[in-house]
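Trainee: sequence-free structure coming up:
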């Protein structure tokens, strides 16, 4: 009976030697690897790849500093961009060669502690050259401590304003109580009628935009 069953044509396809079975399995596995690997790990959709690339580009754009006078900032030390990132905003400004007048006026107005402890804020800080261009009438107003504090608070808004938000033309409420308006004309970022000459500087508790004019609140 065993001989008959083994020799039966109907059973011939079901009985194979171990070596033949192993060889057949290897051939099937290689075929599957060659034909099916791309379907097992499909490439990301075109839209998804674009999204990740744009997200990375957007993040870099939002953290990059910009402006014609950024080259005047030291490359190392406490007044450098890295050094400023370690200090609260007024302390950071004291060491930046663009902002010595602004930092001194903050101290005179008694705002150092308030701004250093604020979290977070955006400061539109006039460069030293902006103070030098003030007309005599406005310089006289700044001799009053109360008036000086009001003017300086007009340069500070709550929260970290990004370059994209500034360029969008959004209205910004200041600590003084009035509003500023951002803009972008060509490659130049603006706030009210002042140009940003070095922007998106990060300190421990603020984002700083150095501007080329002293802004005056409405009276």
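Mentor: Alright, I've got the coordinates. All values reported here derive from a predicted model rather than from experimental measurement.
Trainee: Poorly predicted segments of this structure, please.
Mentor: 1-63 (pLDDT under 70).
Trainee: Could you pick out the longest strand of it?
Mentor: strand 194-202 (DSSP state E).
Trainee: quick one: strands adjacent to the helix or strand following that one?
Mentor: Proceeding N to C from strand 194-202, the next assigned helix or strand is strand 206-211, under DSSP states H and E. Within its sheet, and counting by DSSP bridges, strand 206-211 is paired with strand 121-126 (parallel), strand 194-202 (antiparallel).
Trainee: Of the ones you listed, which is nearest residue 64?
Mentor: strand 194-202 (6.6 Å; CB to CB). From N, CA and C alone the C-beta is placed, and that goes for glycine too.
Trainee: Show me the strands in this protein, by range?
Mentor: 121-126, 156-158, 171-173, 179-185, 188-191, 194-202, 206-211.
Trainee: Any chance of TSV for the ones you listed, columns mean neighbour count?
Mentor: As requested, these are exported to TSV (neighbours: other CB atoms under 10 Å):
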stretch	mean neighbour count
strand 121-126	26
strand 156-158	20
strand 171-173	14
strand 179-185	16
strand 188-191	20
strand 194-202	23
strand 206-211	26
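Trainee: To residue 84, which of these lies closest?
Mentor: Of all the strands of the chain, strand 194-202 comes closest under CB to CB, at 6.1 Å.
Trainee: got the contact list for the closest one?
Mentor: 62-70, 72-73, 81, 84-85, 98, 124, 126-127, 130, 162-163, 166, 188-190, 207-213, 215 (CB atoms under 8 Å, 6 or more residues apart in numbering).
Trainee: follow-up on the earlier one: out of the strands of the chain, nearest to residue 142?
Mentor: Across the strands of the chain, closest to residue 142 is strand 121-126 (CB to CB), at 11.1 Å.
Trainee: Residue 216 reaches residue 139, doesn't it?
Mentor: No: the pair residue 216 / residue 139 is not scored as a contact, 11.5 Å apart, by CB atoms under 8 Å.
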